[in-house]
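1. Predicted structure and sequence below. I'll ask about it afterward.
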Amino acid sequence: MGSAHLTVNGTVVALTAEADTPLLYVLRDHLGLQATRVGCGEETCGACTVIVNGTARFSCTLPLSEVEGAAVETAEGLVSDGAPHPLAAAFQAHQAAQCGYCLPGILMRAKAHLDAGGAADRASLAAAIDPNLCRCGTHLRILAALQDAARTMQAGD
């Protein structure tokens, strides 16, 4: 067993776990953050996507040892003082979820893209979330929600 310190959604946490434990399981099992989903376990579906130091990462294969001292963001961090982040608000307004299993990963990948100043046109947003799969077929609503959220984020609201 080893220990690690990281900041998750703005809160510094100290953990005791094996160094090779995937971040996904640390988030879910040690910290009780259930939004990050268990999907394929092979970096092919994107359900496990979180943001680490500003970059979207697959947490299913990312060992705890590689996030020592890192800032990690999960979908739980998209609500602050009861107010939803523009991405969460737009997804709700557009009813962009059907089953919702993929959405935490899509939201995190989109947030990383937009926070880094990525383009907010439909094609760029589609390319940004391409590593994440949605099997329900709500892609049109997802892209519409992303475009609305991008406009809100760029306006600084």
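-> That came through fine. Please read all numbers here as calculations on a predicted model, not as lab measurements.
2. From the contact counts, what lies against the longest helix along the chain?
-> For the chain, the helix reaching the highest residue count under DSSP state H is reported as helix 139-155. Judged by 3 or more Cβ pairs under 8 Å, 6 or more residues apart in numbering; DSSP states H and E, helix 139-155 is in contact with helix 86-93, helix 103-115, helix 122-128. (Each C-beta comes from the backbone N, C-alpha and C, glycine too.)
3. now with 6 Å?
-> For helix 139-155, the contact count by 3 or more Cβ pairs under 6 Å, 6 or more residues apart in numbering; DSSP states H and E identifies helix 86-93, helix 103-115 as packing neighbours.
4. Out of those, which one sits most buried?
-> Between the helices and strands packed on helix 139-155, helix 103-115 has the highest mean count of neighbours, a mean of 25, where neighbours are mean count of other Cβ atoms under 10 Å.
5. Check the offset of that helix from the chain's centre.
-> Helix 103-115 sits 5 Å away from the centroid of its parent chain (Cα atoms, centre = their mean, to the nearest Å).
6. and for that helix, what are the contacting residues?
-> Residues lying outside helix 103-115 but in contact with it, judged by Cβ atoms under 6 Å, 6 or more residues apart in numbering, are 35-36, 46-47, 49-51, 56, 75, 87, 97, 128-129, 132, 146, 150, 153.
7. mean confidence for it?
-> Helix 103-115 shows a mean pLDDT of 97 in the predicted model.
8. try stretch 45-61
-> When pLDDT is averaged over stretch 45-61, the result is 98.
9. quick thing: my sequence starts at 12, can you match it?
-> New numbering, starting at 12: the last item is stretch 56-72.
10. contacts for that stretch?
-> Residues from elsewhere that reach stretch 56-72 (Cβ under 6 Å, 6+ apart): 33-35, 47-48, 50, 52, 54, 78, 81-85, 113, 116, 119-120, 123, 142-144.
11. Report the buried members of those residues.
-> Neighbour-count burial (16 or more other Cβ atoms under 10 Å) is assigned, among these, to 33-35, 47-48, 50, 54, 78, 81, 83-85, 113, 116, 119-120, 123, 142-144.
12. Could you check how far the nearest residue to Leu157 once chain neighbours are set aside is from Val83?
-> The shortest distance from Leu157 to any non-neighbouring residue, by Cβ to Cβ, 6 or more residues apart in numbering, is to Leu136 (4.5 Å). If you measure Leu136 against Val83 using Cβ to Cβ, to the nearest Å, the figure is 23 Å.
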